[in-house]
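[1] Sequence first, predicted coordinates after that:
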Amino acid sequence: MARFTVPRDIYHGKGALDALKTLRGNRAIVVVGGGSMKRFGFLDKVVNYLVEAGMEVQLFEGVEPDPSVETVRKGAKAMRDFEPDWIVSIGGGSPIDAAKAMWAFYEYPETTFEELCIPFNFPMLRTKAKFCAIPSTSGTATEVTAFSVITDYEKGIKYPLADFNITPDIAIVDPDLAETMPKKLTAHTGMDAMTHAIEAYVSTLNCDYTDPLALHAIKMVSENLINSYQGDMEARAKMHNAQCLAGMAFSNALLGITHSMAHKTGAAYSGGHIVHGCANAMYLPKVIKYNSKEEAAAKRYAEIAAFIGLDPNAEALIQHIKEMNKELGIPSCIKDYEGGIINEKEYLDKLPMIAERAVGDACTGSNPRAITPQLMEKLLYCCYYDTKVDF
C-alpha cells in the first residue's frame with residue numbers, strides 16, 4: 001500500500017493571498033524571515049487579512065536562512081506562550097520549514113529533536129493548531145510537502161525532517177510574492193524545483209500519482225525558468241506553479257542522492273554555505289550520470305528527455321541541465337562556487353565523513369541506484385573538480 005498526501009486546500013493564482021480572510025480561529029502566529037516580506041508589504045497584508053478573519057495576531061520574525069535548531073526552539077516557546085490555533089508562515093523555504101518544526105515542539109514540548117530526525121516519526125499534530133504556508137520563492141515547495149530541513153550548526157549538518165503530519169493544511173501559491181525574487185535566487189530555487197521533479201520521477205517510490213506531476217513540472221521549468229530569470233513575470237508565475245507541482249510529486253515519491261549530497265555539504269565548510277538550490281544544480285548532472293548505469297533509471301531519464309523534446313537518452317538530459325545552469329550563471333563544480341570559497345584541502349579532508357553522512361541521509365533510500373560511502377566519496381570528488389563520472 002502507498003500513500004499520496006497534499007494539503008487540504010491549495011489556493012493559487014494572483015490575489016490568492018485573500019484566502020486568509022476565510023480562515024476560522026481565535027489566534028494566529030505568523031512566522032517570517034529576514035524582512036523582504038515586510039519591505040514589499042506582504043506581511044502587512046497577511047496580518048490585516050487575519051485580523052479581518054477575526055483573529056488576534058502575533059509575529060515571530062527573523063528566521064534565518066538555513067534555520068537552526070535554536071530558532072526552532074525559540075519559535076516553539078513563543079507559540080506555547082501565545083497558544084495560537086493557526087500557524088501561518090510566509091516567505092522562502094526557511095521560515096516555512098522552521099515553522100513546521102516549531103509546530104511539533106509547540107504541540108509536544110517534551111519531544112526531542114533526535115526523535116523528530118527519525119523519518120516518519122512525528123507525533124500526531126493538529127491537537128492545538130493548523131498550518132498555513134505561503135511561499136515567496138519558487139523552489140522548495142515546502143508549502144505542499146511532508147519535509148522540513150533544519151540545521152544543527154554545532155555539528156555542521158542539515159537534517160531533513162520527514163513526516164506526512166507536517167504537510168500544511170492550506171497552501172497559498174500567489175505569484176505576486178514571487179515577483180520580488182532577485183535573479184540569483186530565481187536561478188537557484190528554479191533548479192531546486194527541477195531537481196525535485198527529476199528525482200521524484202526516477203525515485204524507487206515513483207507511482208502513477210506522482211509521475212504526471214513530476215513530468216509536467218520538468219516541462220514547465222524547462223520552458224519557463226530562463227525567461228523567469230531574465231525578468232519575464234508571466235514565466236515567473238508559471239514557475240511558481242511548477243515548483244508546487246514538483247513538490248507534490250517529491251513529497252510522495254521522495255528524492256535521491258542529489259539532495260543527500262546537498263544536505264550534507266551545505267553547512268559543512270568554514271568558508272561559507274553552499275546554497276541548497278545551487279548545490280542541487282551543480283550535483284544533478286553528475287548524479288544522473290551515476291544513476292544511469294542502472295537500466296531502470298536510464299529508461300526513466302530517457303522518458304524525461306523525450307517528454308521535453310530532447311533525444312531520448314540520459315546524456316541529452318545531462319547536457320540540457322548543464323546548458324540551463326550556464327545560462328543561469330550557476331557554476332559547474334564546487335571549486336568554482338562563489339569564487340572558490342570552499343577550501344580544497346578542507347573539502348578533501350572532510351570527504352570521507354561527508355560521504356558517510358550523505359549515504360545515511362533520508363533521501364538516499366529512494367535513489368534508483370545503490371551507493372556506498374566509497375562510491376559517494378568518488379561522486380563528491382567529481383562534484384568538486386567537475387571530473388567525469390565513469391563508475
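    Nice, thanks for sending it over. Numbering: from 1, shown residues only.

[2] Please report the number of neighbouring residues for the closest residue in space to residue 75 that isn't next to it in sequence.
    The shortest distance from residue 75 to any non-neighbouring residue, by C-beta to C-beta, 6 or more residues apart in numbering, is to residue 102 (3.8 Å). Yep, even glycine has a C-beta here, placed from its N, CA and C like the rest. Per other C-beta atoms under 10 Å, the neighbour tally for residue 102 reads 30.

[3] Could you list which residues are in contact with the spatially most central residue of the chain?
    A centroid search over the chain (C-alpha atoms, centre = their mean) returns residue 140, at 3.0 Å, as the residue closest to the centre. The contact partners of residue 140, by C-beta atoms under 8 Å, 6 or more residues apart in numbering, come to 92-93, 96-97, 189, 192, 243, 247.

[4] Out of these, which is nearest to residue 369?
    Checking the contacts of residue 140 against residue 369 by C-beta to C-beta gives residue 192 as the nearest, at 21.6 Å.

[5] who touches the closest one in this structure?
    Shown in contact with residue 192 (C-beta under 8 Å, 6+ apart): 139-140, 243, 276-277, 280-281.

[6] With residue 327 instead?
    For residue 327, the contacting residues are 226, 229, by C-beta under 8 Å, 6+ apart.

[7] How much space separates it from residue 316?
    The spacing between residue 327 and residue 316, counted by C-beta to C-beta, to the nearest Å, is 17 Å.

[8] Likewise for residue 175?
    On the measure of C-beta to C-beta, residue 175 and residue 316 end up 31 Å apart.

[9] try residue 228
    Distance, residue 228 to residue 316, using C-beta to C-beta: 23 Å.

[10] For the host helix or strand of residue 250, output the C-alpha coordinates as CSV.
    Following DSSP states H and E, one finds residue 250 within helix 233-253. Extracted in CSV, the C-alpha atoms of helix 233-253 (Å, rounded to 0.1, in the frame of the first residue of the first chain):
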residue,chain,number,x,y,z
MET,A,233,6.8,37.9,-14.9
GLU,A,234,4.4,35.6,-16.8
ALA,A,235,7.2,33.0,-16.8
ARG,A,236,7.8,33.6,-13.1
ALA,A,237,4.1,32.9,-12.4
LYS,A,238,4.4,29.7,-14.3
MET,A,239,7.5,28.8,-12.3
HIS,A,240,5.6,29.4,-9.0
ASN,A,241,3.1,26.7,-10.1
ALA,A,242,5.8,24.4,-11.5
GLN,A,243,7.7,24.3,-8.2
CYS,A,244,4.5,23.5,-6.4
LEU,A,245,3.7,20.6,-8.7
ALA,A,246,7.3,19.3,-8.3
GLY,A,247,6.7,19.5,-4.5
MET,A,248,3.6,17.4,-4.7
ALA,A,249,5.5,14.8,-6.6
PHE,A,250,8.6,14.5,-4.4
SER,A,251,6.7,14.8,-1.1
ASN,A,252,5.1,11.5,-2.1
ALA,A,253,7.7,9.8,-4.3
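
[11] in that helix, what's buried?
    By neighbour count with 16 or more other C-beta atoms under 10 Å, helix 233-253 contains the buried residues 235-253.
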